[in-house]
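> just a sequence and a predicted model for now, questions to come.
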There are 2 protein chains.
Amino acid sequence: MRTHYCGDVNRSHLDQTVTLCGWAHRRRDHGGVIFIDLRDREGLVQVVCDPDRAATFATAEAIRNEFVLKITGLVRNRPEGTVNPNLSTGEIEVLAQEIEILNASAPIPFQLDDENLSETVRLTHRYLDLRRPAMQKNMMLRYQVSKNLRHALDEQGFIELETPMLTRSTPEGARDYLVPSRVHPGHFYALPQSPQLFKQLLMVSGFDRYYQIVKCFRDEDLRADRQPEFTQVDIETSFLNEQQITDLVETMMRRLFKTVLDVDLPDFPRMTWAEAMRRYGSDKPDLRVTLELTDLTDVMKDVDFKVFSTPANSPTGRVVALRVPKGSEITRGEIDAYTQFVAIYGARGLAYIKVNDVAKGREGLQSPIVKNLSDAALKAVIERTGATDGDLIFFGADTAKVVNEALGALRAKIGHERGFAEGAWKPLWVVDFPMFERDEEGNRWQALHHPFTAPADGHEELLSSDPGKALSKAYDFVLNGWELGGGSIRIHRQEIQSKVFQALNISAEEAQEKFGFLLEALQYGAPPHGGLALGLDRLVTLMAGAESIRDVIAFPKTQRASCLLTQAPNAVDEKQLRELHIRLRQQVQTQVEVEKVD
Amino acid sequence: MRTHYCGDVNRSHLDQTVTLCGWAHRRRDHGGVIFIDLRDREGLVQVVCDPDRAATFATAEAIRNEFVLKITGLVRNRPEGTVNPNLSTGEIEVLAQEIEILNASAPIPFQLDDENLSETVRLTHRYLDLRRPAMQKNMMLRYQVSKNLRHALDEQGFIELETPMLTRSTPEGARDYLVPSRVHPGHFYALPQSPQLFKQLLMVSGFDRYYQIVKCFRDEDLRADRQPEFTQVDIETSFLNEQQITDLVETMMRRLFKTVLDVDLPDFPRMTWAEAMRRYGSDKPDLRVTLELTDLTDVMKDVDFKVFSTPANSPTGRVVALRVPKGSEITRGEIDAYTQFVAIYGARGLAYIKVNDVAKGREGLQSPIVKNLSDAALKAVIERTGATDGDLIFFGADTAKVVNEALGALRAKIGHERGFAEGAWKPLWVVDFPMFERDEEGNRWQALHHPFTAPADGHEELLSSDPGKALSKAYDFVLNGWELGGGSIRIHRQEIQSKVFQALNISAEEAQEKFGFLLEALQYGAPPHGGLALGLDRLVTLMAGAESIRDVIAFPKTQRASCLLTQAPNAVDEKQLRELHIRLRQQVQTQVEVEKVD
């Protein structure tokens, strides 16, 4: 129907007749002439309707915002002084010769250029929200990213293979979404949390280099950067080691950023998990922030101050300092706000020292806690943090988990708020993860990545002798404090896989029941293999500079896992449930019936 | 680890040292030398292990089939007389210098080159089945097809946009797979049967050209060419008409076949649905088969033979002939088999006439039914079918539905079995579908495509005045008797959509409840739009010449919707069900518990 997209018309089309299709973005009357900004996915163009052409003008008068139009007209220069340099089409305008209204539009419930829309309104009318140029741009960027990644993977000999969506529930890790089976009463499929086991089997099959851009599912309580369904760029290779796989991904990422954003990513440094936790309290540190944590656990063992000495003497405790250069100007009120902030992560307080005059020793330090600390401890604090006059030092003292989470987050917050961040893009490989961590209750080991991750070379014995010391061949790709990808070399020998299951307290029977097919596959010539999964939603969010992953997903769910547009999830017919051999629990049933009557 | 893929080594590498990784496809001792056919995804290469190198030879002696090996060696010409022209690497061999066993393999449960494996064995050990060169080739072909289609769509300005997997249940059409919600007790998501409504909303959003290669789900009883989850190449455009959309798909298909198979598809003829049903008894006729049905309903109204006259006089009945040239050689036993075949489709018999001598009129026709037919009827049979001496004519007389299905299937079967098929690839567009068909009980109209399909121009009034006569702007892409794609121009005006819902006996309230968001979207400037969905599984099956769609899916389900590899679906913990606010029906619960104890 059209000859050009609106946003593509420019001076090269001067004096040509073009036909455009799009939406009336704005219509205004000015000096007896009607101006229509016609919009399509490529941009806006100004259409002028002259009263000389009576029929066309009459049609133009009937047009309201968001009407769908087909316009034929002549491209001409805009009059001098009316050129719009902000618009790709800003030098020209189209003199309308024919206008056809393809569809009318009722007044839309909000203005597309309203910057202060609630997310509820936006998601309820998502099809209108997606008309906004910013959202169009985000979706186009998302497509460019996945297209670019596919291209790069294809060039490296990867082939896309599809793995099943209706698969087996293996209650490890996060909670599964379940799908009741009609054909097998009482049995359920699970939606995949990742294609992990299938991609490993594809390596056993000899496909050598696999990828898939694929939906994965986790029924977890949602945070800002989580969705019940999310998209993963899933990669697996055979016969490559950790260095080769991370190099491959690094090259791909560098090319992606160059092609799509014209950004030269710096080299990706490699940092051990232990160093990241020690210096940043995080396994995904934002390296743009220059602040670091300073470990003080050893020097606080003997101080009188129980708040410090108790965790310092606990095997699971940690005491750290966070030096804020020139931080003595931080007000009491601001410190209170930071104290509330760390409380979110379980910290029961936020001790601090203002460094007024280092030369004066103890006297030069201002804080209620100074009197409780020995000279040796204070000296260590100043020396290790490198504090100078005018600095402020925050302290964290608790279990290592609480200290790392609280002070790690505080470091990032203060860093960004108070100007201790530099550089636009700071990528990082975090490596040498521990194989295991204690579960919440501290009773048993659980896999830090997943139970199919290979131990570091020479750490096979530690799996049984000292599991907490065993390192893995896992690696995470971190960018600006976001974990964008994680992967590992997998176990390809059955005896090692069995040892890991033992360390995780998974009995041979349980392992057989849940992962029997994998254990069996490992017997029949499994190649050395490994891979990685990139979170596409997060990657695009970062690249788009968007506030939320919901801004780069066409039809996202709310934090309550609802679709406000379609009202999913919804109540279903009793007949459907009966066919699936399930019923609602009594209490819920009554509730749903009441809702239906309402 | 490797320098080349096994299958890529050839004469250009003569005298070079290569390192290969792969599987011992076969190992044989011959004249004191060990030969290993090393296999990877690109093919096989022959490795020779000479007793001169003691360590390497010792390793080679330990190798069994399917061991994973890393082999470094020198490429050399095969001795004269041992060249294998069937192998891309058949001119050379690799003299092993170093062999490393990367992993051993237990004896695998079947031979990879066994052609007579049961599907149960293959699916249970799918990761081994996928090692077979034929399966590797199918998966590679599948990737080439999707890659080629993506490329073609991208070039045409289509962008891939992802639509949700967890969506709303709308019990139209096929049965939904449901997913219980943990956060919203008593509510359920549905897995999408297609992204239909979302892609229409994306057109309302102005994305103009959308595509997605996406999993869709139908909880239906499975046939040979059905899977609970299947992959669709989903396409939608704005501002294009039926001709433009079908042209675009046709161009894409022609290019796909040329690029991937080096096949020049012929032009795609267009045939109305009415003509397809009349001539072939099918809306997806296999045009390779040259046989056609001949309509006789009008001339059988007055015959004495009730088997013919009753359906001929029924408004829903049909009587047809299927002429088989030189079919008089078909034996009585073969006719019995054909009679059993049409019975599958509900036909209660299969009348026939052998045409011995046309010149003799009634006397020249051999059949128990001849005596029941008038001269006029017999004359019409001979004239309309164009039968000549030695032909055989089958008859179908029943409801049009039974006749079309039974004789349509018989036409294809006889055509292929008895040499009435010509040409390798016969594509076809079937167009001008009716808007509606009667439901199974004949009580109400249901949408032949789906309720969002636009009526043909000028047929808007028929929606209320005579729904059965209203044609739609739907089109199906048929290849060799397989429906590979279906689509339509959609309704973009709310008032037409409401009329269609009325014809379908969907009340305004029900429409609002189920499709309120679509009806609302149509108010706010919906552009004219339409699209199509291609079944990727079927397309690849045809292109691969595979017997079943299961042969082009890495991890398919059985006809009972089970995964034999992972044992999905399976029983889940009571705790998981409790969190989802559901319980098993009592009877089922007992059953599952008994199974668990077993």
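Yes, it's here.
> my read: A:Arg384 touches A:Glu292, true?
No: contact criterion CB atoms under 8 Å: A:Arg384 and A:Glu292 do not qualify, at 10.5 Å. For the C-beta atoms, the positions are set from N, CA and C on the backbone; glycine is no exception.
> show me which of the two is the more surrounded one.
A:Glu292 (18 against 14; other CB atoms under 10 Å in any protein chain shown).
> for the stretch 51-200 of chain A, what spans make up the helices?
Counting by DSSP state H, counting those that start in this stretch, residue ranges of the helices within the stretch 51-200 of chain A are A:54-62, A:119-124, A:126-129, A:133-155, A:196-204.
> what's the per-residue pLDDT of the most centrally placed residue in chain A here?
Nearest to the mean C-alpha position of chain A, by CA atoms, centre = their mean, lies A:Arg538 at 2.8 Å. The model reports A:Arg538 with a pLDDT of 97.
> what strand or helix carries it?
Here A:Arg538 is covered by helix A:536-544, with elements defined by DSSP states H and E.
> quick one: check that helix for contact with chain B.
No: on the criterion CB under 8 Å from any CB of the partner chain, helix A:536-544 is out of touch with chain B, staying 9.0 Å away.
> quick check: residues of the stretch 351-500 of chain A near chain B?
Proximity of the stretch 351-500 of chain A to chain B is assessed by CB under 8 Å from any CB, with A:His492, A:Arg493 identified as the residues in range.
> so which bits of the stretch 201-350 of chain A are right by chain B?
On the criterion CB under 8 Å from any CB, chain B has as its neighbours in the stretch 201-350 of chain A the residues A:201-202, A:204-208, A:215, A:217, A:219, A:228-229, A:231, A:238-241.
> from those residues, which would you call buried?
The neighbour-count criterion (16 or more other CB atoms under 10 Å in any protein chain shown) marks A:201-202, A:204-208, A:215, A:217, A:219, A:228-229, A:231, A:238-240 among those as buried.
> could you report the neighbour count for the residue nearest to A:Met135 when sequence neighbours are not counted?
For A:Met135, the nearest residue in space outside its immediate sequence neighbours is A:Asp129; the separation is 6.1 Å by CB to CB, 6 or more residues apart in numbering or on different chains. By the measure other CB under 10 Å, the count of residues near A:Asp129 is 20.
> tell me the contacts of A:Asp129?
If you count contacts by CB atoms under 8 Å, 6 or more residues apart in numbering or on different chains, A:Asp129 has them with A:Leu117, A:Arg122, A:Leu123, A:Met135.
> can you tell me which one of those residues sits lowest on pLDDT?
Lowest in pLDDT among the contacts of A:Asp129 is A:Leu117, which has 91.
> state the distance from that one to chain B.
Computed as CB to the nearest CB, to the nearest Å, the A:Leu117 to chain B distance reads 15 Å.
> give me the three-state assignment for A:Tyr210.
Going by DSSP: H, G, I helix; E, B strand; the rest coil, the secondary structure assigned to A:Tyr210 is strand.
> ditto for A:Leu350
Of the three states, A:Leu350 takes coil under three-state DSSP.
> can you tell me the closest non-neighbouring residue to it?
Counting by CB to CB, 6+ apart, A:Thr339 is the residue found nearest to A:Leu350 once chain neighbours are left out, at 4.2 Å.
> check what pLDDT the one you found gets.
pLDDT, A:Thr339: 97.
> host element of it?
Element membership for A:Thr339, per DSSP H and E: helix A:332-343.
> could you point out which element follows that helix?
Using DSSP H and E, the helix or strand that directly follows helix A:332-343 along the chain is strand A:352-355.
> just checking, what packs against that next one?
With contacts defined as 3 or more CB pairs under 8 Å, 6 or more residues apart in numbering or on different chains; DSSP states H and E, the secondary structure elements packing on strand A:352-355 are strand A:365-366, strand A:392-399.
> so for B:Gly525, which of those strands sits nearest?
Checking the helices and strands packed on strand A:352-355 against B:Gly525 by CB to CB gives strand A:392-399 as the closest, at 54.3 Å.
> in the closest one, what counts as buried?
Under the neighbour-count rule (16+ other CB under 10 Å), strand A:392-399 has A:Leu392, A:Ile393, A:Phe394, A:Phe395, A:Gly396, A:Ala397, A:Asp398 buried.
> before we move on, back to that, verify the contact between the residue nearest to A:Leu350 and A:Tyr352 for me.
No: taking contact to mean CB under 8 Å, the distance of 9.2 Å between A:Thr339 and A:Tyr352 leaves them out of contact.
> these two: which is more packed in?
Higher neighbour count among A:Thr339 and A:Tyr352: A:Tyr352, with 22 against 17, using other CB under 10 Å.
> pLDDT value on the closest residue to the more buried one other than its chain neighbours, please?
Using CB to CB, 6+ apart and skipping residues adjacent in sequence, the residue nearest A:Tyr352 is A:Phe394, 5.0 Å away. A:Phe394 is assigned a pLDDT of 98 by the prediction.
> A:Tyr143 too?
Confidence per residue is given as pLDDT, and for A:Tyr143 that number is 98.
> count the neighbours of it for me.
For A:Tyr143, the number of neighbouring residues by other CB under 10 Å comes to 20.
> excluding its backbone neighbours, what's nearest it?
B:Ile159 (4.3 Å).
> report the two of the buried residues of strand A:392-399 separated the most.
When these are compared pair by pair using CB to CB, the two farthest from each other are A:Leu392 and A:Asp398, 19.8 Å apart.
> for A:Glu236, see how far away the closest residue to chain B within the stretch 401-550 of chain A is.
When you check the stretch 401-550 of chain A against chain B by CB to the nearest CB, the closest residue turns out to be A:Gly525, at 3.5 Å. Here the distance between A:Gly525 and A:Glu236 works out to 16 Å (CB to CB, to the nearest Å).
> do the same with A:Lys360
When CB to CB is the yardstick, A:Lys360 and A:Glu236 sit 61 Å from each other.
> close to chain B, is the lengthiest strand in chain A?
When every strand of chain A is counted residue by residue (DSSP state E), the longest turns out to be strand A:17-30. Yes: Strand A:17-30 lies in contact with chain B when judged by CB under 8 Å from any CB; the contacting residues are A:Cys21, A:Gly22, A:Trp23.
> just the strands in the stretch 301-450 of chain A please.
Remark: strands of the stretch 301-450 of chain A, listed N- to C-terminal, are A:317-324, A:352-355, A:365-366, A:392-399, A:427-431, A:436-438, A:445-447; assignment by DSSP state E, counting those that start in this stretch.
> so what would you say the end-to-end distance of stretch A:127-138 is?
Using CA to CA, to the nearest Å, the span of stretch A:127-138 from its first residue to its last is 14 Å.
> what's the answer for stretch A:357-368, then?
Its start and end residues considered, stretch A:357-368 measures 16 Å (CA to CA).
> how about that stretch: buried residues?
Along stretch A:357-368, these residues count as buried under the neighbour rule (16+ other CB under 10 Å): A:Gly364, A:Leu365, A:Ser367.
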